[in-house]
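# Let me see the structure of the following:
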Amino acid sequence: MTVRVVIAEDSLLVREGVQRVLSRHPDIDVVAECADLPQLTGAVDEHDPDVVVTDVRMPPTSTDEGIQAATRLRRSHPRTGVVVLSQYAEPAYAAPLLAEGSAGRAYLLKERVGEPGQLVEAVLAVARGGSVIDPVVVDAILADSLRRRSSPLTALTQRELEVLTQIAQGKSNAAVGRTLFLSEKSVEKHINVLFAKLGLEAAPEVNRRVLAVLLYLSEQRAQ
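Prediction:
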């Protein structure tokens, strides 16, 4: 069976390199090459490929277009596999790619693809419904998951986290209430609950508000 592939990569040199590697295999047919998300969307609609090989970042915003495309393909072209070829071992990119299952998905790091056969095998595996995830990416996802589970902020409700975010900006209870459309009494109640969840006990020598803000800011830096 011939595997029909669309390549999406904004770097001309990388795109042509990937095309040459894949085209050498007798069972792979590169049907389109794209430099941005709109081109990729159009090529997928036109060719209905078996596999898309994509970078994470590409125009128009150069943020996470490759991941956006993979997410959309789950709905619009569920039989199309996706191989993400990236320089970023970031859980923020890999986790959404795998959020609905790893079947038909691969995440490879450009710097760790040591020989052409690795990319070819990943494409063929994904076309069969398999999965190939670089071990470095797996480690990053696991480490991020453990860190998040160990964070005391995960115990807070969405509203409590919103209140904490506001007081971290230096706002008074009254100002927080105006921003979140809550009464000052409700804000005070939320603050007392989040203090308890964060293990910040009342003590005359300790400013729990300051400690809560410091904890929040340290968690934001860790992310």
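# From here on, just use CA atoms for contacts and neighbour counts.
Fine.
# quick check: domain ranges of the chain?
The chain resolves into domains spanning 3-146, 152-222 when parsed by automatic domain parsing.
# quick one: contacts of the helix or strand hosting residue 70?
According to DSSP states H and E, residue 70 maps onto helix 65-76. Outside helix 65-76, the residues that touch it by CA atoms under 8 Å, 6 or more residues apart in numbering are 8, 37, 41, 54-59, 80, 82, 84, 93, 96-97.
# how about the helices of the chain, start to end?
For the chain, the helices defined by DSSP state H occupy 12-23, 37-47, 65-76, 91-98, 116-127, 135-150, 158-167, 173-180, 184-197, 208-222.
# would you list those helices in JSON lines and tack on mean pLDDT and mean neighbour count?
Formatted as JSON lines, the helices of the chain follow (pLDDT from 0 to 100; neighbours: other CA atoms under 10 Å):
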{"stretch": "helix 12-23", "mean pLDDT": "97", "mean neighbour count": "16"}
{"stretch": "helix 37-47", "mean pLDDT": "98", "mean neighbour count": "16"}
{"stretch": "helix 65-76", "mean pLDDT": "96", "mean neighbour count": "19"}
{"stretch": "helix 91-98", "mean pLDDT": "87", "mean neighbour count": "19"}
{"stretch": "helix 116-127", "mean pLDDT": "95", "mean neighbour count": "20"}
{"stretch": "helix 135-150", "mean pLDDT": "73", "mean neighbour count": "14"}
{"stretch": "helix 158-167", "mean pLDDT": "89", "mean neighbour count": "18"}
{"stretch": "helix 173-180", "mean pLDDT": "92", "mean neighbour count": "16"}
{"stretch": "helix 184-197", "mean pLDDT": "91", "mean neighbour count": "17"}
{"stretch": "helix 208-222", "mean pLDDT": "67", "mean neighbour count": "14"}
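# For residue 211, see how far away residue 60 is.
Using CA to CA, to the nearest Å, residue 60 is found at 41 Å from residue 211.
# Could you give the separation of the helix holding residue 70 from the chain centroid?
12 Å (CA atoms, centre = their mean, to the nearest Å).
# between it and helix 37-47, how big is the angle?
Helix 65-76 and helix 37-47 are oriented at 30 degrees to each other (axes from the mean of the first three to the mean of the last three CA atoms, to 10 degrees).
# Count residues in the vicinity of residue 153, would you?
Residues within reach of residue 153, counting by other CA atoms under 10 Å, total 19.
# Pretty sure it sits against residue 195.
No - applying CA atoms under 8 Å as the test, residue 153 and residue 195 come out as separate, 10.7 Å apart.
# Much appreciated, bye for now.
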